[in-house]
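Engineer: sequence first, predicted model second:
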Amino acid sequence: MELSIVGSGYVGTTVAACFADLGHSVTNIDIDEDIVEQLNDGQAPIHEPGLDELVAEHGGDRLTATTDYGAVRETDATFLALPTPSRADGSIDTSIIEAGARSLGEALGSKDDYHLVVVKSTVVPGTTEDVLGSIIEDASNESRGEDFDVAMNPEFLREGSAVEDFLGPDKVVLGTENERANERLSAVFEPLVESSAPAVVETGIREAEMIKYANNAFLATKVSLVNELGNICKEYDVDAYEVMDAIGLDDRIGERFLRSGVGWGGSCFPKDTAALVAAAHEKGYEPSLVEAAIEVNEKQPKRLLELLEDHVPPQGKRIAVLGLAFKPGTDDVRNSRAIPVIEALQNRGATVVAYDPVATENMREHFPDIEYVESATAALDGADGALVVTDWDEFAALDDEFESMTDPVVVDGRRIVERREGITYEGLTW
Ligand SMILES: NC(=O)c1ccc[n+]([C@@H]2O[C@H](COP(=O)([O-])OP(=O)(O)OC[C@H]3O[C@@H](n4cnc5c(N)ncnc54)[C@H](O)[C@@H]3O)[C@@H](O)[C@H]2O)c1
Ligand SMILES: O=c1ccn([C@@H]2O[C@H](COP(=O)(O)OP(=O)(O)O[C@H]3O[C@H](CO)[C@@H](O)[C@H](O)[C@H]3O)[C@@H](O)[C@H]2O)c(=O)[nH]1
């Protein structure tokens, strides 16, 4: 099929490259000319394992990019993969996706054939039909349900494993309002369903919107519960990882997302839990449990700092921060736990020396004035303490490097460094 994807960030690029790999012809539309140029040259604009290969193979061929929304007229369906960030009060800011829907509507006004518009972005129930559907109707002068349909297809990929997750999902959720939309959306997913046999959930649009928030709120709350239990474990000198490995054997709990530590970050859990809380408040409901999950998450970086302070008061000290990305495998630093950790170190008068294998440039935008080094070895050299914030595999291999620290105090927020002779080691929850 001929597909257009609006937005070429973490989701849009991955989805476009994977759909091209599954045999569709895909056009990415983005307002950023550099991104468009990179894609047409066969280069991925973001760091994601396996993505470079797919974009190199299909870029400029089955996968093309443009800044021109007019390209949607040559396609059968358009996916909107635009940001839906938080407003200052945590509620969802739909201004970017509304602008995209307006441009899309204007372009669709001069398309004769039926078109399907699929919202891929995470949006609160009602947004796809009441907000975006109405904007497209107004801008195109066409009728929803006749000339075009809207649908909602939430995305569950994780950064750091986006390609693998997209091509091998547990489930595909197709939220549609009528049979025609369902047929076209199903046709888009047919090659993926054939190749990886995921569960296919056919549901309403509002349900599809809510499934995404419920999924993320469940996982974020699961990790916060594990962090709370981990904090209690630490107080009683109990190894939280042994406890979690055991409870994970209960099928009803499951073994994944039981890693306690410095908490969840990224572009999704923080903003989506905040948006769900705000959406609940708007209807007069008090979402106590999700609010508590957020509160626990905010405490974890503070606990990391407290453990450091027990051994090294950071004032005037050189402190290494190992890991800046919000998780391994990505260069994304949005809501990374490294941000509150570095802020807290600066507030306490420490000199921060930071290292990450791929996220340094992105973190430089938040903290232009701290020292960035090219290796964990260089960060540890002469440091009075080290805080481990991201569980990059390479940190597990660190050994003699700790000997070059002035004071080898290591506070591990991710259980990636091994406890060993010669260093003062503190695990956050073990
Ligand atoms: N990042 C994830 O892991 C993930 C996973 C599932 C769902 N989501 C959801 O997907 C959506 C997109 O997230 P993302 O992380 O890919 O965003 P992103 O910020 O990485 O990318 C967005 C892209 O949209 C482009 N853009 C902005 N305004 C535009 C416009 N008017 N027209 C065309 N292009 C425009 C930007 O230049 C950018 O390249 C969000 O709703 C997010 O919640 C994200
Ligand atoms: O046991 C765990 C698992 C995760 N995390 C942290 O949780 C955050 C989120 O991790 P992960 O979920 O792997 O990455 P994301 O790319 O943010 O993916 C989440 O958010 C996406 C955007 O909505 C969804 O598509 C995914 O399904 C959902 O997992 C990271 O800071 C992790 O370090 C933990 O602390 N402990």
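Structural biologist: In hand now; what should we look at? Ligands and ions are numbered 1, 2, ... in the order given.
Engineer: please name the nearest non-neighbouring residue to residue 180.
Structural biologist: Leaving out its chain neighbours, the residue that sits closest to residue 180 by CB to CB, 6 or more residues apart in numbering is residue 149, at 6.3 Å. The C-beta positions use only the backbone N, C-alpha and C, and glycine is treated the same way.
Engineer: now that neighbour: phi and psi?
Structural biologist: phi -130, psi 160 (degrees, to the nearest 10).
Engineer: shift numbering so it begins at 14
Structural biologist: Let's use 14 as the start, then, which means that last one is residue 162.
Engineer: that one against residue 188, yeah?
Structural biologist: No. Assessed by CB atoms under 8 Å, residue 162 is found out of contact with residue 188, at 11.2 Å.
Engineer: ok, these two, which is more surrounded?
Structural biologist: More crowded of residue 162 and residue 188, by other CB atoms under 10 Å: residue 188, with 28 against 24.
Engineer: which residues touch the more buried one?
Structural biologist: 141, 164-167, 216-222, 224 (CB atoms under 8 Å, 6 or more residues apart in numbering).
Engineer: wait, which of those residues is closest to ligand 2?
Structural biologist: Among the contacts of residue 188, residue 167 lies closest to ligand 2 (CB to the nearest ligand atom), at 8.0 Å.
Engineer: residue contacts, the closest residue to ligand 2 within the stretch 214-363 of the chain?
Structural biologist: Residue of the stretch 214-363 of the chain nearest ligand 2, by CB to the nearest ligand atom: residue 281 (2.9 Å). With CB under 8 Å, 6+ apart as the criterion, the residues that contact residue 281 are 135, 229.
Engineer: next, work out how far apart it and ligand 1 are.
Structural biologist: 5 Å (CB to the nearest ligand atom, to the nearest Å).
Engineer: now residue 243
Structural biologist: With CB to the nearest ligand atom as the criterion, residue 243 and ligand 1 are 25 Å apart.
Engineer: picking that back up, which among the contacts of residue 188 end up buried?
Structural biologist: Buried residues within the contacts of residue 188, defined by neighbour count using 16 or more other CB atoms under 10 Å: 141, 164, 165, 166, 167, 216, 218, 219, 221, 222, 224.
Engineer: for burial, what's the neighbour tally of the residue nearest to the fifth one when sequence neighbours are not counted?
Structural biologist: It refers to residue 167. Nearest non-adjacent residue to residue 167, counting by CB to CB, 6+ apart: residue 225, 3.6 Å away. Residues lying near residue 225 (other CB under 10 Å) number 24.
Engineer: now the one 5 residues further on
Structural biologist: Per other CB under 10 Å, the neighbour tally for residue 230 reads 22.
Engineer: for the stretch 164-313 of the chain, just list every one of the strands.
Structural biologist: 184-188, 212-216 (DSSP state E, counting those that start in this stretch).
Engineer: for the first one, buried residues please.
Structural biologist: It refers to strand 184-188. So, applying 16+ other CB under 10 Å, buried residues of strand 184-188: 185, 186, 187, 188.
Engineer: and what of the last one?
Structural biologist: Buried residues in strand 212-216, counting neighbours by 16+ other CB under 10 Å, are found at residue 216.
Engineer: between strand 184-188 and that strand, find me the angle.
Structural biologist: Relative orientation of strand 212-216 and strand 184-188, computed by axes from the mean of the first three to the mean of the last three CA atoms, to 10 degrees: 20 degrees.
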